[in-house]
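> sequence? don't have it. structure:
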């Protein structure tokens with residue numbers, strides 16, 4: 001499948017999307033912002049991932065577990081502009097924010113919902129790098145590397161692992177990336193249409209949600225099912241995600 005796909009944290013039902021080059025999709029991902037002097041040391045105590053020394057411009061994925069080691073929450077993190085930005089599946093941010101608020105105690109942090117501030121666009125597919133370059137968006141080289149978007153409106157871009165099938169039956173077409181990549185853009189919600197148009201003009205094209213999910217499953221990227229989280233302890237096999245320590 002050629003092209004690239006895009007995800008948006010819209011507040012309406014998603015029926016279409018994108019691909020980076022020839023695909024993408026609106027999704028309702030939600031966002032939490034954690035600014036404050038103690039943001040890294042505080043989050044380090046609450047998440048499965050080692051984030052106490054997460055540099056500015058870096059990112060990762062992390063879980064919140066219950067006392068029995070079962071997964072309560074999953075989020076993707078970016079450390080940009082003296083804030084840790086967490087985005088997660090739709091319908092899960094309220095519970096996570098409630099938990100974070102309960103765990104503040106004396107820590108110098110100010111967690112807040114940022115879903116009304118930022119919308120999430122995801123680009124995936126062999127043309128992702130070309131689309132981003134054509135749109136004038138520089139992406140860090142390392143996976144989960146994050147940087148501020150160009151312009152004064154805020155937001156960030158984050159390199160994500162590609163969603164190529166683990167066992168590709170055929171190589172990518174000539175001229176496409178040999179190592180797939182994906183990227184998330186957390187764009188100012190007030191500028192969502194402008195960013196959508198910018199990416200579309202750069203070569204991205206809409207695609208359905210099921211097409212995105214098919215790529216995710218083929219790449220063995222785990223999904224999130226909050227209704228079943230209590231039945232499944234956290235365990236290995238997340239080969240495409242960073243190690244949880």
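All right, it came through fine. Every value quoted in this text rests on a predicted model; they were computed, and no experiment measured them. Residues are numbered from 1 along each chain as shown.
> When you work out contacts or count neighbours from here on, use the C-alpha atoms and nothing else.
Noted.
> For the residue in the chain sticking out farthest from the centre, grab phi and psi.
Computed with C-alpha atoms, centre = their mean, the residue of the chain farthest from its C-alpha average is residue 106, at 29.3 Å. Here the main-chain torsion angles of residue 106 (degrees, to the nearest 10) amount to phi -100, psi 0.
> what's the spacing between it and residue 33?
Counting by C-alpha to C-alpha, to the nearest Å, the gap from residue 106 to residue 33 is 18 Å.
> again with residue 197
Here the criterion is C-alpha to C-alpha. By it, residue 197 lies 26 Å from residue 33.
> where's the nearest residue to residue 150 once chain neighbours are set aside, which helix or strand?
Here the nearest residue to residue 150 in space, its sequence neighbours aside, is residue 137; by C-alpha to C-alpha, 6 or more residues apart in numbering that works out to 6.9 Å. Assessed by DSSP states H and E, residue 137 sits outside every helix and strand.
> Which of residue 197 and residue 33 has more residues huddled nearby?
Using other C-alpha atoms under 10 Å as the criterion, residue 197 and residue 33 rank with residue 33 on top: 23 against 13.
> For that one, which non-adjacent residue is closest in space?
Nearest residue to residue 33, sequence neighbours excluded (C-alpha to C-alpha, 6+ apart): residue 85, at 4.7 Å.
> Can you name the secondary structure element that comes next after the host helix or strand of the one you found?
Assigned by DSSP H and E, residue 85 belongs to strand 83-88. Elements were assigned by DSSP H and E; along the chain past strand 83-88, the next helix or strand is helix 93-102.
> got the angle for the lengthiest strand in the chain vs helix 93-102?
The strand that spans the most residues within the chain, counting by DSSP state E, is strand 71-80. Angle, strand 71-80 to helix 93-102, by axes from the mean of the first three to the mean of the last three C-alpha atoms, to 10 degrees: 80 degrees.
> end to end, how far does stretch 52-68 reach?
23 Å.
> Give the residue spans of the chain that score low on pLDDT.
1-27, 164-180, 207-209, 224-245 (pLDDT under 70).
> could you show me where the strands are in it, in order?
Counting by DSSP E, the strands of the chain are 17-19, 23-25, 30-35, 59-65, 71-80, 83-88, 112-113, 118-124, 146-148, 156-161, 181-188.
> Out of those strands, flag the one nearest residue 98.
Closest to residue 98 of the strands of the chain, according to C-alpha to C-alpha: strand 112-113, at 9.7 Å.
> for that closest one, packing partners?
Helices and strands touching strand 112-113, by 3 or more C-alpha pairs under 8 Å, 6 or more residues apart in numbering; DSSP states H and E, are strand 30-35, helix 93-102.
> Which stretch among those is buried most, on average?
Comparing the helices and strands packed on strand 112-113 by mean neighbour count (mean count of other C-alpha atoms under 10 Å), strand 30-35 comes out on top with a mean of 24.
> Describe which strands that strand pairs with in its sheet and in which direction.
Applying DSSP bridges to the sheet, strand 30-35 is found paired with strand 83-88 (antiparallel), strand 112-113 (antiparallel).
> from the ones you listed, which stretch is densest packed?
Looking across the strands paired with strand 30-35 with neighbours counted as mean count of other C-alpha under 10 Å, the highest average goes to strand 83-88: a mean of 22.
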